[in-house]
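A.B. asks: Sequence first, then the predicted structure, then my questions.
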Amino acid sequence: MDFISEKLSEYLSSNSEEEPEILRKLNLETHQKILQPRMLSGHIQGRFLSLISKLKSPSNILEIGTYTGYGTLCLAEGLKDDGKIYTIDKNEELISIQNKFFEESDYRNKIIQITGDAIECIKKLKINFDIVFIDADKENYIEYFNLVSNKLNSNGIIISDNVLWSGKVIENEDNHDLETNTLINFNKKLNQDQRFKTIILPIRDGISISRLI
């Protein structure tokens, strides 16, 4: 869900950095061939991820939830020359489209794909990260945060997607499902965690940035 009108969305797109051609093609193919294309980051959020990565110039990035790899490629744009992005997804059926566009990109040798249960995969990683992007199953967001908050370098950043959840986070509590309740508690947890400074932005379906202080 976007929280602004279609016309304003078009205005943002026309007055922001142009979507790179490879990402435009990935966007189109995802909408043509993959279920739930709404999960893709898209132009404005993708440019936002790219900008944050370029400002941070990370050595290591962790992405939880690869989907078709749009966000992966956006985040990879800011990596140091020897930097790596570790991206986790449990859906093996998406690997072929990921690889198609990873191979076409300038970042193939910087992308490490991990297939499996994200919680178990994160536990096995023995490195720290400058940026973590959480964009997977919402019911596990708090567990993901608990795991990755201890794997951040100084001034590390956690970016979390879908934190406004189509506006459900402000609906009557009687109507809340597991995902919505988890996101409400997740947003509170990040804001109250004294180790982090957090801001939520109404980009697309809501995105938060938490900086380790």
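C.D. replies: That came through, no problem. Numbers count the residues shown, from 1 in each chain.

A.B. asks: E179 reaches W165, doesn't it?
C.D. replies: Yes. Between E179 and W165 there is a contact at 6.9 Å, judged by CB atoms under 8 Å. Every residue, glycine included, has its C-beta placed from N, CA and C.

A.B. asks: Pick out whichever of these two has more residues nearby.
C.D. replies: Set side by side, E179 and W165 give different neighbour counts by other CB atoms under 10 Å, the larger being at W165 (22 against 16).

A.B. asks: residue contacts, that one?
C.D. replies: Taking CB atoms under 8 Å, 6 or more residues apart in numbering, we find W165 in contact with K138, E179, T180, L183, D205, G206.

A.B. asks: do I114 as well
C.D. replies: By CB under 8 Å, 6+ apart, the residues touching I114 are Y86, T87, I88, D89, C121.

A.B. asks: Just the residues you listed: which are in strands?
C.D. replies: Secondary structure assignment by DSSP state E places Y86, T87, I88, D89 of those in strands.

A.B. asks: and the residues you listed as JSON lines, adding pLDDT?
C.D. replies: Putting the ones in strands among the contacts of I114 into JSON lines (pLDDT from 0 to 100) gives the following:
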{"residue": "Y86", "pLDDT": "98"}
{"residue": "T87", "pLDDT": "98"}
{"residue": "I88", "pLDDT": "98"}
{"residue": "D89", "pLDDT": "98"}
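
A.B. asks: which of the residues you listed are buried?
C.D. replies: Buried subset of these (neighbour count, 16 or more other CB atoms under 10 Å): Y86, T87, I88, D89.

A.B. asks: which sections of the chain are below the confidence cut-off?
C.D. replies: Where the chain drops to pLDDT under 70, the residues are 1-2, 174-175.

A.B. asks: residue boundaries of the helices in it?
C.D. replies: Counting by DSSP state H, the chain has helices at residues 6-14, 21-33, 43-56, 70-76, 95-104, 118-124, 141-148, 178-192.

A.B. asks: Mean neighbour count, those: which tops it?
C.D. replies: Comparing those by mean neighbour count (mean count of other CB atoms under 10 Å), helix 70-76 ranks first with a mean of 27.

A.B. asks: Off-centre distance for that one?
C.D. replies: Here helix 70-76 is found 9 Å from its chain centre; the criterion is CA atoms, centre = their mean, to the nearest Å.

A.B. asks: Check stretch 88-97 too.
C.D. replies: Put simply, stretch 88-97 sits 16 Å off its chain's centre (CA atoms, centre = their mean).
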